[in-house]
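1. Just need the structure, nothing else, for what follows:
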Amino acid sequence: MVNGESEWTKNTRDQVKRLTALTNQMVALSRLDENPEPKEKAKFDLSDVAYEVIDHFSSLSEVRGKKISADIEDGIKYVGDENSIRQLISILVDNAMKYAVESADISISLKRDGRKVKFVLKNLTDGMEEGSQDILFERFYRPDSSRNSETGGSGIGLSLAKSIVESHKGRITARCDGDGYITFQVTL
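-> From the prediction side, this is the model:
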């Protein structure tokens with residue numbers, strides 16, 4: 001025991017944290033189901049939001065031996081729910097941190113594409129078949145390779161990401177190339 005905490009207490013606290021996170025994701029997802037329109041639409045700097053989210057994950061990436069490389073076009077303005085878009089980017093980066101192979105590079109880009117904006121995240125992964133991986137956005141779906149408790153995933157994050165994108169009238173796809181890389185592309 002350390003400071004009166006047993007292994008059982010620590011495990012219980014960890015389970016409570018996971019269940020709380022799952023509950024919060026389920027509530028957010030059900031709210032998007034009930035009212036798919038963004039709660040608060042405002043113009044914001046999407047480039048700054050992407051930089052902030054990536055910066056938030058930078059220390060974790062070092063600890064896990066992964067490298068995040070970002071190619072973010074400066075000054076991209078977007079009208080939408082800034083908190084939801086921040087959550088979307090966080091979900092995608094967190095997903096890459098959990099499921100990319102050890103020592104993987106996580107490549108992120110954000111670019112204007114005409115009147116639209118494209119956010120692309122790419123990382124090396126294990127055990128994914130070549131082709132479309134849009135099944136990853138189904139609620140509670142987890143590939144066999146991720147069904148262990150180490151990742152802490154619940155199969156809700158990518159479903160929530162899809163709902164956020166759709167509420168902004170956008171599109172999200174996942175594709176695995178023959179080289180073992182998975183690419184998530186968001187078009188807003």
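2. So in this structure, where's the weakest helix or strand by average pLDDT?
-> helix 7-34 (a mean of 68; mean pLDDT, DSSP states H and E).
3. Run through who's touching the helix or strand following it.
-> Moving toward the C-terminus from helix 7-34, the next helix or strand (DSSP states H and E) is strand 42-45. With CB atoms under 8 Å, 6 or more residues apart in numbering as the test, strand 42-45 has contacts from Gly75, Ile76, Lys77, Tyr78, Val79, Gly80, Asp81, Glu82, Ile85. Yep, even glycine has a C-beta here, placed from its N, CA and C like the rest.
4. Let me know whether the third one touches Leu46 as I believe.
-> Okay, so that is Lys77. Yes - with contact defined as CB atoms under 8 Å, Lys77 reaches Leu46; the gap is 6.9 Å.
5. More neighbours: which of those two?
-> More crowded of Lys77 and Leu46, by other CB atoms under 10 Å: Leu46, with 25 against 11.
6. The more buried one: what's it in contact with?
-> Ile76, Lys77, Tyr78, Ile85, Leu110, Val117.
7. Low-confidence stretches in this protein?
-> 1-5, 14, 18-39, 139-155 (pLDDT under 70).
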